[in-house]
Each structure stands twice: as structure tokens, then as C-alpha cells.
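**Student:** fold the following, please.
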Amino acid sequence: MSGLLEPGAHRADGLVDDHALLGAMRTVEIAWLRALATTGVLGPADAERVAERVATADLDADTLARDAEGAGNPVVPLVKALRAAVGDDALAGLLHRGLTSQDVLDTALVLVARQALGRVGTELRAAAEHLAALASRHRDDVMPGRTLTQYAVPVTFGLTAAQWLAGVLDASDAVQAVRRGLPVQCGGAAGTLALVSEFAPDPVAVARAFAAELDLRWPGLPWHTRRRPITDLGDALVGVCDALGVVATDVTLLGRPEIGEVREGTAPGRGGSSTMPHKQNPVLSVLVRSAALQAPPLGAQLHGAAAQAVD
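**Tutor:** This is a model prediction of the structure:
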């Protein structure tokens, strides 16, 4: 969706667009060639010759996207275009040999996810540092504690910030755990590595080498119809939105003028009104709350899709 229609979408530029996915699919195909060379199936010189042509092939993402509709997935037109770029029929035939489309697409999506999780992790660590400083600075500043929207007993704002911090740290731990455990997808046409076994004495060794090339985990079996890696990823990201949603909701509530206990930091050009120059709107909190409201149904949709993953 256009960043003009979805404020904040520009922060994902280069991570989740078609060009990022296309680059990841190239990386997967190159890693497979090198895995074949590592295990002696393919000569290293031939592997690097094909890899270079794959890396430098002039591809048009829009054309591939249109062709993907007829093929049912983007890997089919991609492999066709890459084989044409390789030129030499004998070498071109080595490209993608032993893989299936889902191997390439799932692994490419994992690579894109790993990059995105890296950025999320960096930003969570930065948020945690700020929250830790906030908790320390206000550890003795008394404020009303609230339960069920009403005054309860006194607390400190430092404690409130510490609770925010704990939520962010939990979310960060989950993100890092998922990122460390991301698996390669490698099963071939029906998940048996049957074609690989025709030209490699140990197809599992090729799969392990493939995972090593990409610095991913070899899970022991393909997960074509076991979508736990994807649902775990979604759950971790929903957890991030949950933790940050609590902070954002507290800020919007406690920042109301009639309460006035907190406020968003100001920045030039942020939070203004088109008609009321006196206003300073908590726009970042509103955007975070929006993400926190949207994320759980998307996570549930992942689980619903995972339950229908057959064949």
C-alpha cells in the first residue's frame, strides 16, 4: 500500500517490496549452486560462473509479477528468465535442479523476514534503552495507580515505565529467538529430495550445505505443509505490537489535557493540526495503536492458513 495512504509504511522500504523478494530469490538460487559445488555435485568453477550470471541478470520485477499470475508463483518465471540469462544450456540446466518452487519462495521469504527482524530487534533495543532511562529518572515520582479506569493506590511513574520496559524486553527476546531459529526450506518436488538423490549420494548433506550457505538452520525435514516457522514469526511480531500497543495506549490516555501526566516528545512537523495551530497531537501513539489493533487478526489469519496447508 502506498505510504501516503498508510502513514509509516515508508519505514519498510527495501525490506518487504517486490525488489527485496526478487533479490532474496536470486540469493537462494546462488546458494543452491554453491551447495552443489560444496558437496562435489557441481564443479566450483561452473557453480561460480552460473552464480555470476544469476547475480547480474537484468530482471524486470513488474514483468515477473505479471508472469507469476499464469504460473501460480513467481519462481517459475524467475527460473525461466535466469536460465535464459545463463545462456549455456548445459550450465542453465544446473540452475534450480533439485529444488521446487516452494523451496525457493519459502527460503526467500525467510531471508526477507530475517532482515526485517534484524531492524525490529535494533529498534526494540533502542526503545528499551530509552524506557530504562525513563524508569530510572522517575523511580520516585508518585502518580495515581489505576485499576478498571479508577484511582487505586499510589504508584510511581518509574514503575509504569519499568512495566513498559519489561514488555518490550520480552518482545525483543521472542524476536531474537525466532530470528536465530529461522529454517531453510529444502524438499524438492514432493518433499523427498528425490531428484537430488539422483545426482548426489547424500541429498541431506546437500540440504545442510544449502542451509549453511544462507546461514539458516536445517530443520531435518522440509516444512512445506508444517507452517510453524511462519506462525512463530507472526506470533513474535504480534507480540511486539502488543507490547508497544500498551505503551501507546497509556500515552494517549495519560496525555489527555484533563489528565496531563505524560506527553509525546515533540519534533518539527509532527503532530500538528491542519486547522488548529494550538494542537499537538500524539500521532506516533495513534499509529502504534493502529498497528497493535491490526496485528492480532493478521496473526490469526496465518494460523488459519497454516491449518489448511495440505499437499
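**Student:** let me know the helix or strand that Arg26 is in.
**Tutor:** helix 18-38 (DSSP states H and E).
**Student:** cool, Asp170 as well?
**Tutor:** helix 157-180.
**Student:** by contact count, what packs against whichever helix or strand comes after that helix?
**Tutor:** Following helix 157-180 in sequence order, the next helix or strand is helix 194-199 (DSSP H and E). Here helix 194-199 touches helix 203-214, going by 3 or more C-beta pairs under 8 Å, 6 or more residues apart in numbering; DSSP states H and E. Bear in mind the C-beta positions are built from the backbone N, C-alpha and C, glycine included.
**Student:** for whichever helix or strand comes after the helix it packs on, packing partners?
**Tutor:** Proceeding N to C from helix 203-214, the next assigned helix or strand is helix 228-254, under DSSP H and E. Applying 3+ C-beta pairs under 8 Å, 6+ apart, one finds that helix 228-254 makes contact with helix 101-137, helix 157-180, helix 283-307.
**Student:** quick one, the last one and helix 228-254 angle?
**Tutor:** Pointing back at helix 283-307 there. Relative orientation of helix 283-307 versus helix 228-254 (axes from the mean of the first three to the mean of the last three C-alpha atoms, to 10 degrees): 150 degrees.
**Student:** for Val76, give me the pLDDT.
**Tutor:** On pLDDT, Val76 comes in at 95.
**Student:** who's in contact with it?
**Tutor:** Each residue near Val76 by C-beta atoms under 8 Å, 6 or more residues apart in numbering is listed here: 67-68, 101.
**Student:** which strand or helix spans it?
**Tutor:** Assigned by DSSP H and E, Val76 falls in helix 75-86.
**Student:** quick one: that helix to helix 18-38, angle?
**Tutor:** Using the same axes, to 10 degrees: helix 75-86 against helix 18-38 is 60 degrees.
**Student:** mind giving me the packing neighbours of the helix holding Arg26?
**Tutor:** Partner elements for helix 18-38 (3+ C-beta pairs under 8 Å, 6+ apart): helix 44-56, helix 61-71, helix 75-86, helix 101-137, helix 203-214.
**Student:** between those helices, which one is closest to Val246.
**Tutor:** Val246 sits nearest to helix 101-137 of all those, at 11.6 Å, using C-beta to C-beta.
**Student:** on that earlier part again, roughly how far out does the helix holding Arg26 sit from the chain middle?
**Tutor:** 18 Å (C-alpha atoms, centre = their mean, to the nearest Å).
**Student:** repeat that for stretch 70-79.
**Tutor:** 22 Å.
**Student:** stretch 278-287 now?
**Tutor:** Per C-alpha atoms, centre = their mean, the centroid offset for stretch 278-287 relative to its chain is 27 Å.
**Student:** list the buried residues in it.
**Tutor:** Judged by neighbour count (16 or more other C-beta atoms under 10 Å), stretch 278-287 contains these buried residues: 282, 284-285.
**Student:** same question for stretch 111-119.
**Tutor:** In stretch 111-119, counting by 16+ other C-beta under 10 Å, buried: 111-117.
**Student:** same thing with stretch 80-98?
**Tutor:** Neighbour-count burial for stretch 80-98 [16+ other C-beta under 10 Å]: 81-83, 85-86, 91-92, 94-98.
**Student:** pick out the lowest-pLDDT one from those.
**Tutor:** Leu91 (83).
**Student:** so which residue is dead centre in the chain?
**Tutor:** Ala113 (2.8 Å; C-alpha atoms, centre = their mean).
**Student:** and the gap between it and Pro296?
**Tutor:** Computed as C-beta to C-beta, to the nearest Å, the Ala113 to Pro296 distance reads 19 Å.
**Student:** same question for Ala309.
**Tutor:** In terms of C-beta to C-beta, Ala309 sits 21 Å off from Pro296.
**Student:** between those two, who's got more neighbours?
**Tutor:** Pro296 (15 against 12; other C-beta atoms under 10 Å).
**Student:** so what's the closest residue to that one other than its chain neighbours up against?
**Tutor:** Leaving aside its sequence neighbours, Pro296 sits nearest to Val238 (C-beta to C-beta, 6 or more residues apart in numbering; 5.7 Å). By C-beta under 8 Å, 6+ apart, the contact set of Val238 is 295-296, 298-299.
**Student:** among these, the buried ones, what's the PyMOL command?
**Tutor:** Buried subset of the contacts of Val238, written as a PyMOL selection, criterion 16+ other C-beta under 10 Å:
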select buried, resi 295+299
